[in-house]
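*Asks:* below is the sequence, then the predicted model.
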Amino acid sequence: MGASDSPSSDLTPAGGSIRVLLVEDQVELRALLSDVLQDAGMEVRIAEDAHSAKVILEDFPCDVLVSDVHMPGSENGIDLAEHLKRSRPQARVILASGHPPRQLPSLPGYAHFLQKPFRLNQLMQLLAA
């Protein structure tokens, strides 16, 4: 599926491209994913932890949160997802982890899960779903 294929256009808000908040503590992975999403026409903001992500959310009404479950700091991706859903209940959430779901805290029912390592097309399919 190309970046301009129709499924991703279903996510596009009235004002333009899909707004994605990407929260990942691994610098190389964060840079790679950010580049891929931007190349696909998405507006992307990046953060390395939940605290930084919350600051970004004050001025960036994301449509989709893509976050690692485990990250530095006192809050995890699940905490961040709950914070986002309180202010933007329509936002979608994709949580990723190198640990299998059975080894994680209970994931919210609204969240999609990506097992690391994942393929870029798996992430793109979830964004287009």
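*Replies:* Cool, got the structure.

*Asks:* next, count neighbours for the closest residue in space to residue 116 that isn't next to it in sequence.
*Replies:* Take residue 116 and drop its neighbours on the chain: the residue closest to it by C-beta to C-beta, 6 or more residues apart in numbering is residue 98, 4.2 Å away. To be clear about C-beta, it is placed using only N, CA and C from the backbone, and glycine gets the same treatment. Counted with other C-beta atoms under 10 Å, residues neighbouring residue 98 total 13.

*Asks:* same check, this time on residue 92
*Replies:* Residues near residue 92, counting by other C-beta under 10 Å: 22.

*Asks:* quick one, what contacts the nearest residue to it once chain neighbours are set aside?
*Replies:* The spatially closest residue to residue 92, leaving aside those adjacent along the chain, is residue 64, at 4.7 Å (C-beta to C-beta, 6+ apart). Applying C-beta atoms under 8 Å, 6 or more residues apart in numbering to residue 64 gives the contacts 11, 18, 19, 20, 21, 91, 92, 93, 94, 127.

*Asks:* name whatever forms a beta bridge with residue 64.
*Replies:* For residue 64, the beta-bridge partners are residue 20, residue 92 (DSSP bridges).

*Asks:* how much space separates it from residue 23?
*Replies:* 11 Å (C-beta to C-beta, to the nearest Å).

*Asks:* helix/strand/coil for residue 73?
*Replies:* Classification of residue 73 by DSSP: H, G, I helix; E, B strand; the rest coil places it in coil.

*Asks:* what's the pLDDT at it?
*Replies:* Model confidence at residue 73, given as pLDDT, is 93.

*Asks:* tell me the contacts of the residue lying closest to it once chain neighbours are set aside?
*Replies:* The shortest distance from residue 73 to any non-neighbouring residue, by C-beta to C-beta, 6+ apart, is to residue 49 (4.4 Å). By C-beta under 8 Å, 6+ apart, residue 49 lies in contact with 23, 25, 71, 72, 73, 75.
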